[in-house]
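Asker: Everything below, folded, please.
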Amino acid sequence: MKKKIRKCLLLFTATFSWLVSIFPAKAETKAADAYTVKVEKGYLALRSAPSYDSKNELESLYTGDTFYVMSDYDSTYVYGYSDSGKEGYVNKNYLVEAYNIANGIQTRASQGASYLETDYFSMYLPGDIAWDYEVVDNETISIFYTPAKEDDFGGHVVTIKAYDWGDNEYAEFPAWSVAGVSSEKKFVAIYPTDVQFDPNDPAQGEEYGRLLTVAERMNCEDEELAKDNPFEVLE
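Answerer: Next up, the predicted model:
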């Protein structure tokens, strides 16, 4: 009996070790600040040591790539990791602080309206309707109608996405408008093209409709809508 138990334990241990090797534990999220690589030509080398040497190059980083700085090493090098997960040292003189549309994000209520504000913009929607936001990535914030989302009907009202001047990829969306512009960015409002609330719930239909009506005024290029644009760029 003891031999059978021992064999079972050995089999379990071997199986468990095999599974761990195939499905490794998820890496712990590292505390870091995101920076964008900016080089005039060539690439920025991610190195295994903080010194200029072709033998210590781990990866090539190009303009527009993101590098996550975990700590300073000296006046030239910082330590961190790339999008591929590789850790090492890079020359910090070729890094610029990454743009993050959600910097300083907060919500507040004032005079019957609910405001969403970041360091870059302020927008309002009706204050008597439950809505919330989700930071999708460094350039994108999505606004949704809470009751519809909680009932698995999506609830998407509008997405605010920041684009560099010269980047017109938003033209591919079927429903959008330029909500506002700054010297560096165009803030584009992207709207849903399908039903985002429970069609069998009149209350949801009425509240969602009011939210969308206000959101659709986010258009700085239309003279009439711009008179009552709920979106404002902060510079």
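Asker: From now on I want contacts and neighbour counts done on CA atoms only, so please keep to that.
Answerer: OK.
Asker: buried set for the longest strand that the chain contains?
Answerer: If you go by DSSP state E, the chain has its longest strand at strand 156-164. For strand 156-164, a neighbour-count test (16 or more other CA atoms under 10 Å) marks 156, 157, 158, 159, 160, 161, 162, 163 as buried.
Asker: before we move on, what about stretch 35-46?
Answerer: Under 16+ other CA under 10 Å, the buried positions of stretch 35-46 are 35, 36, 37, 38, 44, 45, 46.
Asker: Which members of those occur in strands, if any?
Answerer: Using DSSP E, those in strands are 35, 36, 37, 44, 45, 46.
Asker: can I get those residues in CSV with pLDDT?
Answerer: Rendered in CSV, the data for these read as follows (pLDDT from 0 to 100):
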residue, pLDDT
35, 90
36, 90
37, 93
44, 97
45, 96
46, 97
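Asker: Please identify which pair of those residues lies farthest apart.
Answerer: Farthest-apart pair in those is 35 and 45; separation 14.6 Å (CA to CA).
Asker: low-scoring stretches of the protein, by residue?
Answerer: 1-30 (pLDDT under 70).
Asker: mind giving me the domain split of it?
Answerer: Using automatic domain parsing, the domains assigned to the chain come out as 33-97, 106-233.
Asker: Which residues are in contact with the residue nearest the centre of the chain?
Answerer: Taking CA atoms, centre = their mean, the centroid of the chain lies closest to residue 137, which sits 0.7 Å from it. Contact analysis of residue 137 by CA atoms under 8 Å, 6 or more residues apart in numbering lists residue 100.
Asker: which residues does it bridge with?
Answerer: residue 140 (DSSP bridges).
Asker: re earlier: what does the longest strand of the chain contact?
Answerer: 101, 139-145, 149, 184-192, 196, 208, 211-212, 215.
Asker: who's in contact with the helix or strand following that strand?
Answerer: Past strand 156-164, further along toward the C-terminus, the next helix or strand under DSSP states H and E is strand 176-181. Contacts to strand 176-181, defined as CA under 8 Å, 6+ apart, come from residues 170, 186-191, 218-221, 229, 231-233.
Asker: mind redoing it with 10 Å?
Answerer: Strand 176-181 is touched from outside by 121, 123, 158-165, 170-171, 186-192, 215-222, 226, 229-235, with contacts defined as CA atoms under 10 Å, 6 or more residues apart in numbering.
Asker: Direction included, what does it pair up with?
Answerer: Strand 176-181 is paired, per DSSP bridges, with strand 185-190 (antiparallel).
Asker: I am assuming residue 114 contacts residue 214, so please confirm or correct that.
Answerer: No. When contacts are counted by CA atoms under 10 Å, residue 114 is not listed as touching residue 214 (11.9 Å).
Asker: Settle it for me: which of those two has more neighbours?
Answerer: The residue with more neighbours, out of residue 114 and residue 214 and counting by other CA atoms under 10 Å, is residue 114; that gives 20 against 17.
Asker: Residue 101 against residue 134, yeah?
Answerer: No. Using CA under 10 Å, residue 101 makes no contact with residue 134, being 11.7 Å away.
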